[in-house]
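K.L.:
please work out how this folds:
(one chain, ligands or ions: 1)
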Amino acid sequence: MAAAKGDTKVAVFDCEEDVAVALAKYIADLSDKCAKEKGVFSVVLSGGSLIDTMRKLVEQPFVDTIDWSKWHVVWLDERVVRKNDSESNYKLAYDGFFCKVQIPPNNIYAINDELPAPEDAADDYEACLKTLVEKGIIELSKASGFPKFDLMLVGMGPDGHVASLFPRHPLLQERNRWVTYIKDSPKPPPERITFTFPVINSSANIALVLTGPELAHAVHIALGNQQPSSDLLPVQMVSPEGKLTWFLDQAAASKIKAT
Ligand SMILES: O=C(O)[C@H](O)[C@@H](O)[C@H](O)[C@H](O)COP(=O)(O)O
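P.N.:
Numbers count the residues shown, from 1 in each chain. A predicted model of the protein is given here:
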């Protein structure tokens, strides 16, 4: 099932395996387009189950046909831990993805894990993004003035959080920073850095990759013709300048199908 609304597409697949296949093709096509048109493909990764759902990219035909040299990778959010810590989103992506493809190590921008204070780590990562803008690797949105990434790959928690932006948290209202920090994340570990909504919503493309029955309730709230509430879930605040594609399996979509 695929439904379209404006620049939003909702694609529902029979199972998580089919989501993984479709996601690989979608990422490979965007990578080709950006590599040919601009010579750069800027990609933002989440942590969590997303990395596993990207697993088809490290298989044929993609692993040998994607021009990995054009990829530049940053994190939508990161836990403030050492890179070799089992909680690190960098480690998750390294073990499941980077160690199997040929992205130049210098094009992978991890947080500085020598900065133990989340506020310092957030400042440092924002400075890193500014350097990438100065080098012409990331463009700024003409509309918002915030960085405009080619592709953001976004997961969601059962509570509807995206990045490290949690329901009813004051960070949902941040309008100035590119990268901010949280010390009271309800999902452990508590200390994290995260992109803000102005950056998320300046993206050229966002893929919301949501699989599993535990996400069905939040998906239903976001897509199920509910009356808009003043207390929007973070996932409902995802509204990019460019294109938004929802990749759902039947389990995640089970409650919207009934409406
Ligand atoms: O803390 C994390 O794991 C990530 O930083 C976060 O951005 C992730 O995308 C969501 O929490 C969904 O995670 P799951 O896909 O594991 O539910």
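K.L.:
residues from the protein in reach of the ligand?
P.N.:
46-50, 76-77, 89, 155-157, 161, 163-164, 187 (CB under 6 Å from any ligand atom). Heads up, the C-betas are built off the backbone N, CA and C, glycines and all.
K.L.:
quick one: which of the residues you listed is nearest to Ala24?
P.N.:
Leu50 (12.5 Å; CB to CB).
K.L.:
residue ranges of the helices in the stretch 151-259 of the chain, please?
P.N.:
Under the criterion DSSP state H, counting those that start in this stretch, helices of the stretch 151-259 of the chain are mapped to 197-200, 216-223, 250-257.
K.L.:
quick revisit: which of the residues of the chain next to the ligand count as buried?
P.N.:
Among those, those that count as buried by neighbour count (16 or more other CB atoms under 10 Å) are 46-50, 76-77, 89, 155-157, 161, 163-164, 187.
K.L.:
where do the helices sit along the stretch 1-150 of the chain?
P.N.:
Going by DSSP H, counting those that start in this stretch, the stretch 1-150 of the chain shows helices at 16-38, 50-53, 62-65, 89-96, 118-134.
K.L.:
ok, the closest residue to His161 other than its chain neighbours to the ligand distance?
P.N.:
Using CB to CB, 6 or more residues apart in numbering and skipping residues adjacent in sequence, the residue nearest His161 is Pro234, 5.1 Å away. Distance, Pro234 to the ligand, by CB to the nearest ligand atom, to the nearest Å: 10 Å.
K.L.:
can you count the residues close to Pro234?
P.N.:
25 (other CB atoms under 10 Å).
K.L.:
mind checking pLDDT for it?
P.N.:
pLDDT for Pro234: 97.
K.L.:
do I have it right that it meets Leu171?
P.N.:
No - contact criterion CB atoms under 8 Å: Pro234 and Leu171 do not qualify, at 9.3 Å.
K.L.:
show me the contacts for the residue in the chain positioned nearest to the ligand.
P.N.:
Here the chain gets closest to the ligand at one residue, Gly48, 2.4 Å apart by CB to the nearest ligand atom. Residues in contact with Gly48 (CB atoms under 8 Å, 6 or more residues apart in numbering) are 155, 157.
K.L.:
try 10 Å this time
P.N.:
Contacts for Gly48 (CB atoms under 10 Å, 6 or more residues apart in numbering) come out as 77, 89, 92, 154-157, 187, 209.
K.L.:
look up how far Pro170 lies from the closest residue to Ser239 other than its chain neighbours.
P.N.:
Setting aside the residues directly before and after it, Ser239 is nearest to Asn201 in space (CB to CB, 6+ apart), at 5.5 Å. Distance of Asn201 to Pro170, given as CB to CB, to the nearest Å: 18 Å.
K.L.:
the more surrounded of the two?
P.N.:
More crowded of Asn201 and Pro170, by other CB under 10 Å: Asn201, with 21 against 7.
K.L.:
isn't that one right next to Ser144, touching?
P.N.:
Yes - assessed by CB atoms under 10 Å, Asn201 is found in contact with Ser144 at 7.5 Å.
K.L.:
shared neighbours of those two, which are they?
P.N.:
With CB under 10 Å, 6+ apart as the test, Asn201 and Ser144 both reach Glu241.
K.L.:
turn the helices of the stretch 151-259 of the chain into a markdown table, including distance to Asn176 and mean pLDDT.
P.N.:
Listed next are the helices of the stretch 151-259 of the chain as a markdown table, based on distance: least, CB to CB, whole Å; pLDDT from 0 to 100:
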| stretch | distance to Asn176 | mean pLDDT |
| --- | --- | --- |
| helix 197-200 | 8 | 98 |
| helix 216-223 | 26 | 96 |
| helix 250-257 | 33 | 91 |
